[in-house]
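> I need the structure of the sequence given here:
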Amino acid sequence: ITSLYLAIKLNEQKIIKISSFVHLSRGLVNESQIIAMERSLLCNSDWLMNPPTPQIISSFYFFLLKPSVFSSITTDILYYEFSTYLIELSVKYPSFIGLPAYAVAIASIYASV
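Now for the predicted structure:
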C-alpha cells in the first residue's frame with residue numbers, strides 16, 4: 001500500500017489523501033503505519049526516488065546555453081533533438097551503463113554541437 005501511495009505521490013498531479021489508502025487496505029494498515037513505512041522506504045533508498053535523467057540535464061544545459069551559443073531557435077532545436085537521440089542510443093550500449101547521468105548528457109551535447 002505504501003509503495004503505491006509513494007508512486008502516486010511522485011508521479012501524479014492529483015493529491016490523494018492517506019485516508020484513501022487506509023480505506024483501500026480495508027483497515028489492515030492505518031495512517032501512521034503508512035507514514036512510517038514511507039519514511040523507511042525513502043531513507044533506505046537514500047531519497048533517490050527521481051534521480052535526474054540525462055535528458056533532463058541536457059535540456060537544462062541547452063536552456064542555459066541558448067542565449068549565448070545558438071544563432072537561431074531552429075539551430076537550438078536541431079542540436080537538442082540530436083543530443084536527445086544520442087542519449088537514447090546510449091541506452092543500447094553496455095559501456096554507457098553505470099555512467100553518471102551528467103556524463104552522458106554532457107557527452108551528447110558535446111557530440112551534437
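> Only C-alpha atoms from now on, for both contacts and neighbour counts.
Noted.
> Show me what the helix or strand of the chain with the lowest mean pLDDT is packed against.
Within the chain, no helix or strand scores below helix 54-69, which has a mean of 81 by mean pLDDT, DSSP states H and E. Judged by 3 or more C-alpha pairs under 8 Å, 6 or more residues apart in numbering; DSSP states H and E, helix 54-69 is in contact with helix 73-90, helix 101-112.
> what do you get if the cut-off is 6 Å, keeping everything else the same?
helix 101-112 (3 or more C-alpha pairs under 6 Å, 6 or more residues apart in numbering; DSSP states H and E).
> In this structure, which residue sits furthest out from the middle?
Computed with C-alpha atoms, centre = their mean, the residue of the chain farthest from its C-alpha average is G27, at 32.9 Å.
> give me the number of residues near the closest residue to S25 other than its chain neighbours?
Take S25 and drop its neighbours on the chain: the residue closest to it by C-alpha to C-alpha, 6 or more residues apart in numbering is I1, 7.1 Å away. Neighbour count of I1, defined by other C-alpha atoms under 10 Å: 15.
> Would you mind measuring from I1 to N30?
Counting by C-alpha to C-alpha, to the nearest Å, the gap from I1 to N30 is 11 Å.
> shared neighbours of those two, anything?
Counting by C-alpha atoms under 6 Å, 6 or more residues apart in numbering, I1 and N30 have no shared contacts at all.
> check which helix or strand covers the residue nearest to I15 when sequence neighbours are not counted.
Of all residues not flanking I15 in the chain, K9 sits nearest, at 7.0 Å (C-alpha to C-alpha, 6+ apart). Here K9 sits within helix 2-11, counting by DSSP states H and E.
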